[in-house]
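> Let me see the structure of the following:
(chains A and B)
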Amino acid sequence: MTDQPHHGRDEPGHEPMPEPGNEDAVAQVTPRAGDPLPDPGIGTHVPRPSDVDPALERRAERQVSGLFGLATLLTLGFTVAYFAIPEDATLLNSSAMNLTLGVSLGGALLLIGIGAIQWAKKLMDDHEIVEMRHPSASSPEDRREALAALDVGAAESGFGRRTMIRNSLLGAMAALGLPAVVLLRDLGPLPGDAAEKTVWTKGMRVVNDVSGLALRPEEIELGQLVNAEPQIVFENDEGEPLEGAEKQAVKAKAAVIVVRIRPEDITPPEGRENWNVDGILCYSKICTHVGCPISLYEQQTYQVLCPCHQSTFDLADGGRVTFGPAHRSLPQLPLGVDDEGYLVALSDFPDIVGPSYPTMPQDR
Amino acid sequence: MRSLSTRRRHPLAGAVVVLLGLCLLGGLYSVFAPRPAGADSATDALVEEGRQLFLVGCATCHGLNGEGVLTDRGDNYGPALVGVGAAAVDFQVGTGRMPLAQNSVQAPEKPVVYSPPEIEALAAYVASLGPGPAIPSEEYTTASTDEELIRLGGEFFRTNCTACHNSVGAGGALPDGRYAPSIEDVSGRYAYEAMLTGPGQMPVFSDDVMTPEDKLAIISYIASIRDEPDYGGNPLGGLGPVTEGAAAWIIGMGALVVASVWIGTQGVRAKK
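All right, here's what the predicted structure looks like:
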């Protein structure tokens, strides 16, 4: 180690080596006092083969224009493929059109890129230059002039002297902010306590999602999972089913999962002893972390897992969080049976459904 | 009639009347009595054949009468099979999950050990232990190409199945080393039986809540996505952002980095 030649400022390769034909560039490098290292200058300029051999120069020119020409052909191919290939044709088990469009357009862009690099590397002028940094502030004369102009303007307009005009103008400008704020009201009706409520009400039937079939306790077997919705989403006796955006908004919040667990395995939290029907429990399907729908349910461990961030809830233990970033238990919907023997909600969720938010009431 | 009326005071007359009445009652009972399940001899023979197979291959874990075996800690060593029905046996043995090769968190699919007639016999025996779901009829397990049905099946699939089995049925991970298997190549019959019986950690989807027609719709949907070409190119296992991100970062970005370095090192100057 000790007898190795040490590299540094006095190594011959780092000495400034002016080249004929490159004096302009070197002339710009003015040595400054106090530099910790001597200016190394610019390295030796080596001409490229295409600089010295006209035949090679013409060859490079043909190469670059050939690449650009090929790119044009591929772009034309893209246009032809777009109209000529049927949408459902397949090639290599994928869409023939997607594949052709991707290959032709991607190829065209790639060839343009390669051509540009070839052009720059082989043909564009490649002498080295040095550009010194400059301070970004304006010159002192410019700054003095600007300040003088501002003073003249202030004096001639009397802005500082006529205080009544000045203050009334400031007031008028400030008042302009008011319409901008008032118009924000058009963003929509105020949410009120909508975040704390769902459409579930006392006596609303729990129905299977998609089919809308009302559920009876005896139809739900041990180990069963039902992805369910409030009946209001589907055809029902009480009115028209919801449609469109309103239906999606309701479903997104009121979706529930219904499971049947051995009654002896359930440890209900205080006050929830009567919320299940013979071991049938109903929980919100919306994760309390950031609101992903969860129905990844293990029938033997009674755990439901959120696929987004692996929050895990124990349905036999009041929906308690057993793992993951969720902070609140999964809200439980109290279940009962109506006169005709169908499962119904006994009330809305007592807890707030969905992800937690900063202004959430602390007692819920 | 005269002879009858004259002998009605005979000392044995009462006994004869009682005997006749009993015979009549017995005859009527044998005519109207409900026939016990598996009364015919063919089924009896099948159940007996199944019982013999069960004693050899299953009883170690599930008990001599399918009553289940508990460990010292009170956990299930082999669960009780009373009431699981023929469908559960057909699924577990027919897909090779049973007999279990070793104790593990999950029974993996593997080569089938029993022949179809043996599986039929085992299913008949286990079904005789208690009422349970039967093997579904082919009417509901043969995938249909009806577009309306496939559309409905897609809705059921996205609502009930995708959470564990992935949106293209490629399967996914569960807690503690368990997993939801890929269902891309599962036959309609085993898919139906799995929904009906809930093997392992999979929840049950009973016929009352998810009707046989609904299940057929799901089976038809799975079959339809199996035959679909991959319009977006190689699906990379259909596992979503994990494989796609890995491919984009390692292959895509890697190629860009290699290309940039190559462009930078590839000099065009001749060395003098």
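> Please state the mean pLDDT value computed over the lengthiest helix in chain A.
In terms of residue count, the longest helix belonging to chain A (DSSP state H) is helix A:54-84. If you average the pLDDT over helix A:54-84, you get 95.
> residues making contact with whatever helix or strand comes next after it?
Remark: after helix A:54-84, the chain's next helix or strand is strand A:90-91, criterion DSSP states H and E. Contact partners of strand A:90-91, identified using Cβ atoms under 8 Å, 6 or more residues apart in numbering or on different chains, comprise A:96, A:99, A:100, B:229. No exception for glycine: its C-beta is placed from N, CA and C like everyone else's.
> Of the residues you listed, keep whichever come out buried.
A:96, A:99, A:100 (16 or more other Cβ atoms under 10 Å in any protein chain shown).
> now, which of those residues sits nearest residue B:260?
Nearest to residue B:260 out of those is residue A:99 (Cβ to Cβ; 26.6 Å).
> rewinding a little: relative to chain B, which of the buried ones among the contacts of strand A:90-91 is nearest.
Proximity of these to chain B (Cβ to the nearest Cβ) peaks at residue A:99, which lies at 7.2 Å.
> from the middle of its chain, how far away would stretch A:96-103 be?
Between the centre of stretch A:96-103 and the centre of its host chain there is 27 Å, according to Cα atoms, centre = their mean, to the nearest Å.
> same deal with stretch A:187-194?
25 Å.
> Just the ones of the buried ones among the contacts of strand A:90-91 in helices?
A:96, A:99, A:100.
> related to what we said a few turns ago, buried set for the longest helix of chain A?
Neighbour-count burial for helix A:54-84, counted by 16+ other Cβ under 10 Å, picks out A:57, A:60, A:63-64, A:67-68, A:70-71, A:74-75, A:77-78, A:81.
> Identify the farthest-apart pair in the contacts of strand A:90-91.
Spatial extent of those (Cβ to Cβ) is set by the pair A:100 and B:229 at 14.4 Å.
> Kindly reformat the contacts of strand A:90-91 as a markdown table containing distance to residue B:170 and pLDDT.
Listed next are the contacts of strand A:90-91 as a markdown table, based on distance: Cβ to Cβ, whole Å; pLDDT from 0 to 100:
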| residue | distance to residue B:170 | pLDDT |
| --- | --- | --- |
| A:96 | 24 | 90 |
| A:99 | 22 | 90 |
| A:100 | 27 | 93 |
| B:229 | 16 | 80 |
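> For the nearest residue to residue B:185 once chain neighbours are set aside, the count of nearby residues, please.
Nearest non-adjacent residue to residue B:185, counting by Cβ to Cβ, 6 or more residues apart in numbering or on different chains: residue B:226, 7.2 Å away. Other residues lying near residue B:226 total 14 when counted by other Cβ atoms under 10 Å in any protein chain shown.
> In this structure residue B:226 contacts residue B:183, no?
No. Checked against Cβ atoms under 8 Å, the pair residue B:226 and residue B:183 is beyond contact range at 9.6 Å.
> Spit out the residues that contact the two alike.
With Cβ under 8 Å, 6+ apart as the test, residue B:226 and residue B:183 reach no residue in common.
> give me the subset of the ones in helices among the buried ones among the contacts of strand A:90-91 touching chain B.
By Cβ under 8 Å from any Cβ of the partner chain, the members of those lying near chain B are residue A:99.
> Turn the ones in helices among the buried ones among the contacts of strand A:90-91 into JSON lines, columns for distance to residue B:171.
JSON lines is the format used below for those (distance: Cβ to Cβ, whole Å):
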{"residue": "A:96", "distance to residue B:171": "29"}
{"residue": "A:99", "distance to residue B:171": "27"}
{"residue": "A:100", "distance to residue B:171": "32"}
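> quick check, nearest of the ones in helices among the buried ones among the contacts of strand A:90-91 to residue A:330?
Nearest to residue A:330 among these: residue A:99, at 45.0 Å, using Cβ to Cβ.
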